[in-house]
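>>> could you look at this predicted model? Sequence included:
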Amino acid sequence: MRSLVFIIALLLLPGLAFGDNALSRPMTEQTRSKLQKAYSCIKNNQPECARTILSRYMENSTRPHPFGILLYGSLLMEQNQLQEAAQILERGYADFPQCRQIVHNLAVVRYEQKEFTKAGELFLKSCLLTKKPAHNTRYQAATCFFQAKKYAQAYDVTKPLLGLKTVKPDWVRLAAHSLILLKRWPEAERTLIHFLRRSPTEHAYWKLLANIRMQRKHYKKAAAALEIAYRIAQPTALERRTLSQLYLYINAPLLAAHALEGSFTHTPSPKVCDQLAQAYLTAGRTKQALDMLDKAMALEKTPERSLIKGRILYAKRRYPEAIAALRQAVQLNDKTGLANYLLGMIFWEQKQWDEARHWFQSAEKFKHHARHATRAINAINAMEESSRQSNLPFDAS
């Protein structure tokens, strides 16, 4: 946690401007000379010389310059003189409460003193004082509140981080554990599910999700989460026994027996296959995702699974396989109309206009795809009419 802010070398340059108003405060030549000498002592590995100069400077100044405060506070911190460092930085904080560097360094000292609530409040203020996003500082603040056993504050401070485009696993773990200790099980579960959709290969978080589901007495869902975790990383013998007992509890003796086997190579339940397929797909592992969908379909055919498979294959331009999967979705009574529309798109791209028109016409019956399907049909009709007028062949199939 020792992430002290050092701006020491910069103070040697006269007339230098800083974004922080406190650090931009004018400095007399006498003050600059003293701080230069102190800095030279530190650089030459003479900390006691620097300490003598800075101590006198602080005693003789009614309102020391922020650079002097930062330099002296950092020196005391490095010498593990926490109480004295705190006194110096508190003095600076009283004079310059909006100076982010002083606030941040004081937060570090309070953390080292195990005054976690104060440290958390100061880290959070430091975070709010900077113009640029300070995600790591916010996380430090949340960690302090967690160590102070103020779990609601820890979660509230962490929560904004979870909505970012890139979310670090440590942020999720802190948020989830805070919610767990608050016994806010539904929120904890939602937090982990949201994270795992974006980072499906984080097996430790599948196990944490399983623990939360067991607390909620959702044992089947807990077993499904463990199945996924153990397919990503092989379980220990104890973990196998735990899953086996869980399957016995939900009256699934065959799955209980499988859990005790050497590896998780058996076909899991269709729902677990679905979750694994989604996890693989999110991770960009298309082959494994399709394999899981096929395993799920072997156990239970649904239009949803056929449609997902068809969409994957369509995106990969594997048209013959995509056509088979999407036709199956239609046969299984896909109620979205997307299978019909995608079949129209495939035949459009293959310039099989009659087939494309047929599938677009069937897609028109579904409200969500009607407008786009009608546009496609009109385009086909227009091309057909243009071809007729120019006496050129239209259907290239």
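Perfect, I can see it now. Just so it is clear, the structure is predicted and the values come from calculations on it, not from any experiment.
>>> which ones are touching residue 276?
Residue 276 makes contacts with 227, 228, 231, 268, 288, 292, as judged by C-beta atoms under 8 Å, 6 or more residues apart in numbering. Quick note: C-beta positions are derived from backbone N, CA and C, even for glycine.
>>> ok, 6 Å please
Contacts for residue 276 (C-beta atoms under 6 Å, 6 or more residues apart in numbering) come out as 228, 292.
>>> show me where pLDDT drops low in the protein?
1-22, 261-267, 283, 389-397 (pLDDT under 70).
>>> identify the residues contacting the longest helix seen in it?
As assigned by DSSP state H, the longest helix anywhere in the chain is helix 367-389. Helix 367-389 has contacts (C-beta under 6 Å, 6+ apart) with 337, 341, 353, 357, 360, 363, 364, 394.
>>> now do 8 Å
Under C-beta under 8 Å, 6+ apart, the answer for helix 367-389 is 336-338, 340-341, 344-345, 348, 353, 356-357, 360-361, 363-364, 393-394.
>>> then stretch 84-96?
Contacts for stretch 84-96 (C-beta under 8 Å, 6+ apart): 22, 58, 63-64, 66, 69-70, 72-74, 76-77, 99, 102-103, 105-106, 109-110, 113.
>>> in which helix or strand does residue 70 reside?
Residue 70 belongs to helix 66-78 when elements are defined using DSSP states H and E.
>>> may I see the buried residues of that helix?
Across helix 66-78, burial judged by 16 or more other C-beta atoms under 10 Å covers 66, 67, 68, 69, 70, 71, 72, 73, 74, 75, 76, 77.
>>> just checking, the third one touches residue 54?
Same thing as residue 68. Yes. The pair residue 68 / residue 54 is scored as a contact, 6.7 Å apart, by C-beta atoms under 8 Å.
>>> identify the contacts common to these two.
By C-beta under 8 Å, 6+ apart, the residues touching both residue 68 and residue 54 are residue 34.
>>> for residue 151, give its distance to residue 186.
16 Å (C-beta to C-beta, to the nearest Å).
>>> quick one, phi/psi of the spatially most central residue of the chain?
In the chain, the residue lying closest to the centroid (C-alpha atoms, centre = their mean) is residue 167, at 2.1 Å. Phi and psi for residue 167, reported as degrees, to the nearest 10, are phi -110, psi 130.
>>> so what's it closest to, chain neighbours aside?
In space, and not counting its chain neighbours, residue 167 is closest to residue 195: 6.2 Å by C-beta to C-beta, 6 or more residues apart in numbering.
>>> residues near the one you found, how many?
Per other C-beta atoms under 10 Å, the neighbour tally for residue 195 reads 23.
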